[in-house]
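> Make a model of this:
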Amino acid sequence: MTINRYLRLIAGFFVMLSVVLSQVHSPYWLYFTAFVGLNLFQSAFTNWCPMMTILRKLGVKEG
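Got it, this is the predicted structure:
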């Protein structure tokens with residue numbers, strides 16, 4: 001898989017996890033959902049995301 005596919009996979013996982021945690025634990029977990037969404041939004045304009053940097057350091061190939 002490429003960085004873009006991993007990025008979408010990880011973002012989707014975090015969104016689903018935070019929605020579940022907001023229902024089970026605390027509604028404050030929705031702030032984490034907003035954080036993930038905000039990072040995806042800014043990465044559309046800047047082509048940079050913190051997770052992309054981590055994935056590059058792990059040796060994931062560019063997409």
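> so what's the residue sitting nearest the centre point of the chain up against?
The residue lying closest to the centre of the chain (Cα atoms, centre = their mean) is residue 11, at 2.9 Å. Residues near residue 11 by Cβ atoms under 8 Å, 6 or more residues apart in numbering: 36, 39-40, 51. (Glycine included, C-beta is placed from N, CA and C.)
> pLDDT at it, what is it?
pLDDT for residue 11: 93.
> Okay, and it sits in which element?
Assessed by DSSP states H and E, residue 11 sits inside helix 3-24.
> which residues touch the next helix or strand after that helix?
For helix 3-24, the following helix or strand on the C-terminal side (DSSP H and E) is helix 30-46. Applying Cβ under 8 Å, 6+ apart, the contact partners of helix 30-46 are 7, 11, 14-15, 18-19, 21-22, 48-52.
> again, only this time at 6 Å
Under the criterion Cβ atoms under 6 Å, 6 or more residues apart in numbering, residues 11, 14-15, 18, 22, 49 lie in contact with helix 30-46.
> on that earlier part again, and the angle for the helix holding residue 11 with helix 30-46?
Between helix 3-24 and helix 30-46, the angle comes out at 160 degrees (axes from the mean of the first three to the mean of the last three Cα atoms, to 10 degrees).
> Max pairwise distance over the contacts of helix 30-46: which two?
Spanning the widest gap among these are 22 and 49, at 22.6 Å by Cβ to Cβ.
> coming back round to it: most neighbours out of the contacts of helix 30-46, which is it?
Using other Cβ atoms under 10 Å as the neighbour test, the contacts of helix 30-46 are led by residue 18, with 20 neighbours.
> Might you report the residue contacts of it?
Residue 18 makes contact with 29, 32-33 under the criterion Cβ under 6 Å, 6+ apart.
> Give me the pLDDT value at it.
Looking at residue 18, the pLDDT reads 96.
> I'd like to know how far it sits from residue 62.
According to Cβ to Cβ, to the nearest Å, residue 18 stands 28 Å off from residue 62.
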